[in-house]
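Colleague: Give me coordinates for this.
(one chain, ligands or ions: 1)
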Amino acid sequence: MPKTNFDFDQLPHRRDTGSIKWDRYPNYSPYWVADMDFASPECVVTAIQKRVDHGVFGYAQPHAGLVESVLGYLERTHDVKVTASDLVHLPGMVPAISLACRAVCSPGDQILICSPVYYPFFNVAADAGAELIDVPHIRDEKTWRFDWVALEQAVTHQTKMMVLCNPQNPLGRVFSQEEIVRLAELCDRHELLLVSDEIHCDLILDPEQHHFSALRLPAELRERLITLMAPSKTYNIAGLGYSFAVIENEQLRQQFNTARGCTLPEINLLAMSAAEAAYRDGEPWRCDLVDYLRRNRDTLAKFFRDKMPDLKIHEHAATYLYWIDCSALNVANPCKFFSEEAGVFLTNGGPFGSRKHVRFNFGCPRAHMLEGLEKMKVAIDQIHSAS
Ligand SMILES: Cc1ncc(COP(=O)(O)O)c(C=O)c1O
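Modeller: Here you go, the predicted model:
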């Protein structure tokens, strides 16, 4: 039974609203950038409206209600008790990852990532003059795993940190407790800072799968840990810009804050009101969202299996972003192919680490998702009828 009366089948009008997703390439139907075609939950919209009604928009700091809401969320959702002083409030996740790089790396140091992965992971090392070391995930019959041997071999004396994406964008993988502990042990053995980007952690689609936050690692493995979270993907408020870091080690926290220098703006005050409301009151909506997304995922997977068998997909457990292997199509640039031949704009896998993949955003009303899939199918059928 739904917990709210929110209508997820309703497609909001987003063209000409200054939306990156809808207005950057206006000639195509957009299934790319990671925001959803749903309005935010009522509690979030009401909180923003209430703040707007105040009419005064001077510089703002994280207010008590926000801090309480974030701490409550961490305890309820992740079974984690931290204090207000462990939190660093930030205007976004990517600036936070870049900050972490600048806090611990000097020019010539190395940063580990595992591709395919959210494309800014490839760029943040450069902000610190560091070198990027990519140890790609490996694929077995069903899913993607860490390449433990290659990871161990990749670490040198110059390696200073690892950036993890859990749940994984674009693979949709939820890493197990065993995997996260093993990774943290590897980082600990080599004295690497572990930066865990958990922005998608509230979008686990299957009830039998559970997110294991790095915050739940044993205390000795949390000494060199920065955990990053945000309500932005879950409650569709990415345009507002708010995230937070949990850094329990005081010295590391200071190092992180010092690296901030003058580079980051103050946090938008509407974003903080929205985040407070989302974490405090958004849970019923989030449950309905996850149910809707799970059905979208199942519909999409069936569509691929039945109607577009050339496109290979794997098990997908989290996020509304599906990673699709287009190798069998034999086209040089699958993203370009689908935009030109189907009028459907997908995320190009190239900047994520694979030019043979595209990423499909199914965070939208099901009818709209199916419209995009049907157009893709027609484009593929044309390849077959031409050969
Ligand atoms: C793994 C991951 N981290 C960070 C971000 C972006 O976060 P922000 O907009 O707060 O910088 C995204 C957006 O898609 C993401 O998928």
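Colleague: which residue ranges form the helices in the stretch 101-250 of the chain?
Modeller: Assigned by DSSP state H, counting those that start in this stretch, the helices in the stretch 101-250 of the chain fall at 124-127, 148-154, 177-189, 250-260.
Colleague: List the buried residues of the last one.
Modeller: Judged by neighbour count (16 or more other Cβ atoms under 10 Å), helix 250-260 contains these buried residues: 252, 253, 255, 256, 259. Where you see a C-beta, it was placed from the backbone N, CA and C, and this is true even at glycine.
Colleague: is it true that the third one touches residue 104?
Modeller: Yes: taking Cβ atoms under 8 Å as the contact criterion, residue 255 and residue 104 are neighbours in contact, 6.9 Å apart.
Colleague: who in the stretch 201-350 of the chain is up against the ligand?
Modeller: 230, 232, 238, 243 (Cβ under 6 Å from any ligand atom).
Colleague: Please name the residues that touch residue 295.
Modeller: Counting by Cβ atoms under 8 Å, 6 or more residues apart in numbering, residue 295 touches residue 366.
Colleague: pLDDT value on it, please?
Modeller: At residue 295, the pLDDT value in this model is 98.
Colleague: Am I right that it is in a helix?
Modeller: Yes: counting by DSSP: H, G, I helix; E, B strand; the rest coil, residue 295 is part of a helix.
Colleague: So it versus the ligand, what's the distance?
Modeller: 22 Å (Cβ to the nearest ligand atom, to the nearest Å).
Colleague: Which of the residues of the stretch 201-350 of the chain next to the ligand ranks first by neighbour count?
Modeller: When neighbours are counted by other Cβ atoms under 10 Å, residue 230 leads those with 28 neighbours.
Colleague: hang on, the earlier thing: lowest average pLDDT across the helices of the stretch 101-250 of the chain?
Modeller: With a mean of 93, helix 124-127 has the lowest mean pLDDT of these.
Colleague: Can you list the buried residues in that one?
Modeller: Those would be 124, 125, 127, for helix 124-127 by 16+ other Cβ under 10 Å.
Colleague: just stretch 104-116 next, same as before
Modeller: For stretch 104-116, using 16+ other Cβ under 10 Å, the buried residues are 104, 105, 109, 110, 111, 112, 113, 114, 115, 116.
Colleague: gap between the two ends of it?
Modeller: One end of stretch 104-116 sits 24 Å from the other (Cα to Cα, to the nearest Å).
Colleague: ditto for stretch 227-235
Modeller: Span of stretch 227-235 from end to end, Cα to Cα: 19 Å.
Colleague: Give me the contact list for it.
Modeller: With contact meaning Cβ under 8 Å, 6+ apart, stretch 227-235 is reached by 34-35, 40-41, 44, 92-93, 96-97, 195-203, 213-215, 237-238, 240-247, 274-275, 278-279, 282, 285-286, 289, 319.
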